[in-house]
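Undergrad: Give me the fold of what follows.
(2 chains)
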Number of protein chains: 2
Amino acid sequence: MTTTPSAVVVVTGTEVLGGWVSDRNGPWLAQRLGAIGVRHLSTVVVGDRPGDLVLALEQARDRGVQLIVTSGGLGPTEDDLTAAVVAEFQGRPLALDEALEGRIWTIIERLSRRWPGVDPDALRAANRKQALVPDGADVLEPVGTAPGLVVPPPDGRPGPTVLVLPGPPRELQPMWEAAVERPSLRAAIAGAEVLDERLTRMFGIPEATLAQTMIRAREQGIAVDDLEITTCAHRGELEVVTRARPSLVPDAEAFERFLDAEHPGTVFSTDGREIEQVVGDALRERGWTVATAESCTGGLVAARLTEHGGSSAFALGGVVAYANEVKEAALGVPAALLAEHGAVSGPVAEAMARGARERLGADVAVATTGIAGPGGGTEEKPVGTVFVSIAGPDGATLTRRYRVPGERRDVRERTVTGALHLLRRALAGERDDA
Amino acid sequence: MTTTPSAVVVVTGTEVLGGWVSDRNGPWLAQRLGAIGVRHLSTVVVGDRPGDLVLALEQARDRGVQLIVTSGGLGPTEDDLTAAVVAEFQGRPLALDEALEGRIWTIIERLSRRWPGVDPDALRAANRKQALVPDGADVLEPVGTAPGLVVPPPDGRPGPTVLVLPGPPRELQPMWEAAVERPSLRAAIAGAEVLDERLTRMFGIPEATLAQTMIRAREQGIAVDDLEITTCAHRGELEVVTRARPSLVPDAEAFERFLDAEHPGTVFSTDGREIEQVVGDALRERGWTVATAESCTGGLVAARLTEHGGSSAFALGGVVAYANEVKEAALGVPAALLAEHGAVSGPVAEAMARGARERLGADVAVATTGIAGPGGGTEEKPVGTVFVSIAGPDGATLTRRYRVPGERRDVRERTVTGALHLLRRALAGERDDA
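TA: Numbering: from 1, shown residues only, chains lettered A, B, ... in the order given. Alright, predicted model coming up:
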């Protein structure tokens, strides 16, 4: 008999618990645990108080998990105490690993050149702490200055293995990849069965309609109740995640096809790509370049288009035309057009897109103008009123008015998403009637 | 004797646990709990499985907290089961609140006009569920379609009160504000003593040096050990949060002053403002306008400058000059300069800033050019090499070269922060020697 191993993630850090920084590790680890077939039961965020961390570890052990993953608390300062707490929890006393201390010192010496004012003795004392390792733990080499640890349960006793990882995501992520190759970790999660996982991204349908879709899929004989299906509205898009044991992969595939068939035109990605990647690939395929002209989104459309490496193949740049004078001077929007229709209007969005396309010499351009709030709304054009326009070759345009819900931040974010989807449709050949 | 009431936050949602969406409610609730003097012990994220939610509630009760706040699981679909689970947990059976059902239906009818294809009967059935209320619970009026609930422990028995809130932040936040006014909630957290909380934002010092600062503050007689002090590196800045009971406010104030005295020039905010707000206010004060010229940051500097309402008072806009042709055509950077120094160089950054300032008619302009990676690095200019330049009136410039750590996303984000701080220094009068 094999049982699926399970895990709890414990994120430490008063600054995370207190809401001063958002936790990027819990979500990332959740995805990685799923990918190696470990059932992720919960993520617990605790502050830098030893008692709270102990309690979180004990509660996870009480649930009978095979693995506990901690993030954070490995730094050089007094409030970084994860290694000591985990050592105590697993009954494995800390001891100085002198070879490790030497390797960490090499890293610190190099880094300290950037901060010439810092006292090297203070650094040395503060960082010796990072070379203290629980007896019998498997050490993961530092990516920053802190090593990670795979700490097994006390010898001869059952209990979870604790994987101790540093807090900064750019240290945690490569260290996780190293950890999953270690026999010490593989032993803890023996029996893990890798689940088939697929992600369908959709745009243009409300989440509520998916309840009906599930019912119809069940009627078609698809084993939706045996699949783990999660739907989530995100930045104006809908993400549908399906997880399946190996025997249910045909049903997962059938459900994926069913979504597309039931809601034609709404599925834009089944391979993990985000909309800016889908658009980027469509531009690459045509050998086209793109330019942007942004008012309310303030540069976020250009930023999304250049978010991934290699975007210089298609992204030329753009104009952030927040002020009307910039719309006129940098994009050639006629003052009369602004006066007649207002800056937030279809004709101005269209003129902005045409201007960016011509002035930057791009094949296609995307423009946004709208009222992001909190001020600036009117009865006719309330906060959330947004116009997006795409200008392509031969004078073709595609312009739409949207009413975007939410506060300033949501309006800007969803307008970016809407603009990229309209660009996708234009690249697929859609255009306004001439 | 008064004891500080404590709370656990339970965030539900398979999509949050699974890492498909980031949790905005845990951090937000943490801040609000702190503000009303409730000690926040931990945040637990669980999936939409009733057993996992029950366990999280039981573990919180075992810790002896006075309040449990849940977010999510109040929607109309089958996997939304928080109200039912909490009803069972508190021994208060669910019953239909017909008046509430009518009020919810009014909201749904209005919303459903946006989605003309949806079957009204299906909506009615799915949403009747949202009017099921635990016996004796205090109902919080819906902001979206879901009501919130204050559910006291079973009659005559000790135990935590559960505050049940919806998942979408724009519903949760106003509902929290309504909840804290309710006698049902105030009774649960009687004895809460509002803590003094202050946030000092610093730039330009490594987090490690603060350990020494704390020791020196202690030597000066400041009661740092009785204050709750949290430090956190964030986007290249350092945030120091200090919480103090009323009797320790003088020490909190002294510590705040001590930070500034020990690390002159690094403290840029003690009133909650982010760097873009500090810069925005400095611009407003002078009556100046700002323009941007961005290469590697791809529009993110402009986006940060326009993140808050009212930024049109100083932000004119800018040029995203990703391609060299755009640097030449839209910013007037000489082709010879690009050929001689390369696009990632001080002279080009300076020419970009001057070009943006002149072409957009701004008082001051900020330019970025750099290698964000993952490709494009060389021995002389590795990934993370970035130049920022500020151009002001009278030909004054301030240009700096940085070596920014991290991957593409980090490099872009930290370059934005660095650019805003250089702009702040320029606005304070700093300039390169002519």
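Undergrad: For chain A, which helix extends over the most residues?
TA: The residue-count maximum for a helix in chain A (DSSP state H) belongs to helix A:408-427.
Undergrad: buried set for that one?
TA: Under the neighbour-count criterion of 16 or more other Cβ atoms under 10 Å in any protein chain shown, helix A:408-427 has A:408, A:410-427 buried. For the C-beta atoms, the positions are set from N, CA and C on the backbone; glycine is no exception.
Undergrad: Please list which of the residues you listed also come close to chain B.
TA: Among the buried residues of helix A:408-427, the residues within reach of chain B (Cβ under 8 Å from any Cβ of the partner chain) are A:408, A:410, A:412.
Undergrad: does the residue in the stretch 101-250 of chain A that chain B sits nearest to sit in a helix, a strand or a coil?
TA: Nearest residue of the stretch 101-250 of chain A to chain B, counting by Cβ to the nearest Cβ: residue A:232, 3.6 Å away. For residue A:232, the assignment made with DSSP: H, G, I helix; E, B strand; the rest coil gives strand.
Undergrad: Spatially, which residue comes closest to it, not counting chain neighbours?
TA: Closest residue to residue A:232 apart from its sequence neighbours, by Cβ to Cβ, 6 or more residues apart in numbering or on different chains: residue B:15 at 3.6 Å.
Undergrad: returning to that earlier point: run a quick neighbour tally on the residue of the stretch 101-250 of chain A closest to chain B.
TA: For residue A:232, the neighbour count with other Cβ atoms under 10 Å in any protein chain shown is 17.
Undergrad: residue contacts, it?
TA: Residue A:232 makes contacts with A:207, A:238, A:239, A:240, A:241, B:13, B:15, B:20, B:21, as judged by Cβ atoms under 8 Å, 6 or more residues apart in numbering or on different chains.
Undergrad: any idea how far it is from residue B:194?
TA: Noted for residue A:232: a distance of 36 Å to residue B:194, by Cβ to Cβ, to the nearest Å.
Undergrad: can you check residue A:27 too?
TA: Distance of residue A:27 to residue B:194, computed by Cβ to Cβ: 32 Å.
Undergrad: just residue A:363 next, same as before
TA: 59 Å.
Undergrad: One more: residue A:26?
TA: Here residue A:26 is placed at a distance of 29 Å from residue B:194 (Cβ to Cβ).
Undergrad: Compare these two (neighbour count), which wins?
TA: Summary of the neighbour comparison: residue A:26 and residue B:194, criterion other Cβ under 10 Å, with residue A:26 having more neighbours (27 against 12).
Undergrad: Which of the helices or strands spans the more buried one?
TA: For residue A:26, the enclosing helix or strand under DSSP states H and E is helix A:25-35.
Undergrad: CA atoms only for that helix, dumped as PDB, please.
TA: Backbone C-alpha positions of helix A:25-35 (Å, rounded to 0.1, in the frame of the first residue of the first chain) are rendered in PDB as follows:
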ATOM      1  CA  ASN A  25       7.500  31.400  -0.600                       C
ATOM      2  CA  GLY A  26       4.200  29.700   0.500                       C
ATOM      3  CA  PRO A  27       2.600  29.900  -2.900                       C
ATOM      4  CA  TRP A  28       5.800  28.900  -4.700                       C
ATOM      5  CA  LEU A  29       6.400  25.900  -2.400                       C
ATOM      6  CA  ALA A  30       2.800  24.900  -2.800                       C
ATOM      7  CA  GLN A  31       3.300  24.600  -6.500                       C
ATOM      8  CA  ARG A  32       6.600  22.700  -6.200                       C
ATOM      9  CA  LEU A  33       5.100  20.200  -3.600                       C
ATOM     10  CA  GLY A  34       2.200  19.500  -6.000                       C
ATOM     11  CA  ALA A  35       4.700  18.900  -8.800                       C
END
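Undergrad: For residue A:360, the count of nearby residues, please.
TA: Using other Cβ under 10 Å: residue A:360 sits among 28 other residues.
Undergrad: what comes up buried for the helix holding residue A:26?
TA: A:25, A:26, A:27, A:28, A:29, A:30, A:32, A:33, A:34.
Undergrad: Parallel or antiparallel, which strands does the next helix or strand after it pair with?
TA: Remark: after helix A:25-35, the chain's next helix or strand is strand A:39-46, criterion DSSP H and E. Strand A:39-46 sits in its sheet next to strand A:6-12 (parallel), strand B:39-46 (antiparallel), going by DSSP bridges.
Undergrad: Just put the ones you listed in JSON lines and tack on distance to residue A:135 and mean pLDDT.
TA: Below are the strands paired with strand A:39-46 laid out as JSON lines (distance: least, Cβ to Cβ, whole Å; pLDDT from 0 to 100):
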{"stretch": "strand A:6-12", "distance to residue A:135": "21", "mean pLDDT": "96"}
{"stretch": "strand B:39-46", "distance to residue A:135": "28", "mean pLDDT": "94"}
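Undergrad: residues of stretch A:277-297 that come out buried?
TA: Neighbour counts over stretch A:277-297 (16+ other Cβ under 10 Å) mark A:277-280, A:282-283, A:289-297 as buried.
Undergrad: try stretch A:123-137
TA: Across stretch A:123-137, burial judged by 16+ other Cβ under 10 Å covers A:123, A:126, A:127, A:129, A:130, A:131, A:132, A:133, A:134, A:136, A:137.
Undergrad: Would you mind measuring the gap between the ends of it?
TA: Using Cα to Cα, to the nearest Å, the end-to-end distance of stretch A:123-137 comes out at 25 Å.
Undergrad: Show me what from the stretch 251-400 of chain A comes close to chain B.
TA: Residues of the stretch 251-400 of chain A lying near chain B (Cβ under 8 Å from any Cβ): A:289, A:292, A:294, A:297-303, A:305-312, A:315-323, A:325-326, A:329-330, A:359-361, A:372-375.
Undergrad: which element is the residue nearest to residue A:223 when sequence neighbours are not counted on?
TA: Excluding the flanking residues, the one nearest residue A:223 by Cβ to Cβ, 6+ apart is residue A:251, at 4.4 Å. Take DSSP H and E as the rule and residue A:251 turns out to sit in helix A:249-262.
Undergrad: From the contact counts, what lies against that helix?
TA: The helices and strands touching helix A:249-262, judged by 3 or more Cβ pairs under 8 Å, 6 or more residues apart in numbering or on different chains; DSSP states H and E, are strand A:196-203, helix A:209-219, strand A:237-244.
Undergrad: now check the last one, is it near chain B?
TA: Yes - judged by Cβ under 8 Å from any Cβ, strand A:237-244 and chain B are in contact via A:239, A:241.
Undergrad: Quick one: list the elements packing against that strand.
TA: With contacts defined as 3+ Cβ pairs under 8 Å, 6+ apart, strand A:237-244 has these neighbours: strand A:196-203, strand A:228-234, helix A:249-262.
Undergrad: Which of those comes out lowest on mean pLDDT?
TA: When these are ranked by mean pLDDT, strand A:228-234 comes last with a mean of 79.
Undergrad: where does that strand sit relative to the chain's centre, distance-wise?
TA: Remark: strand A:228-234 is offset 15 Å from the chain centroid, using Cα atoms, centre = their mean, to the nearest Å.
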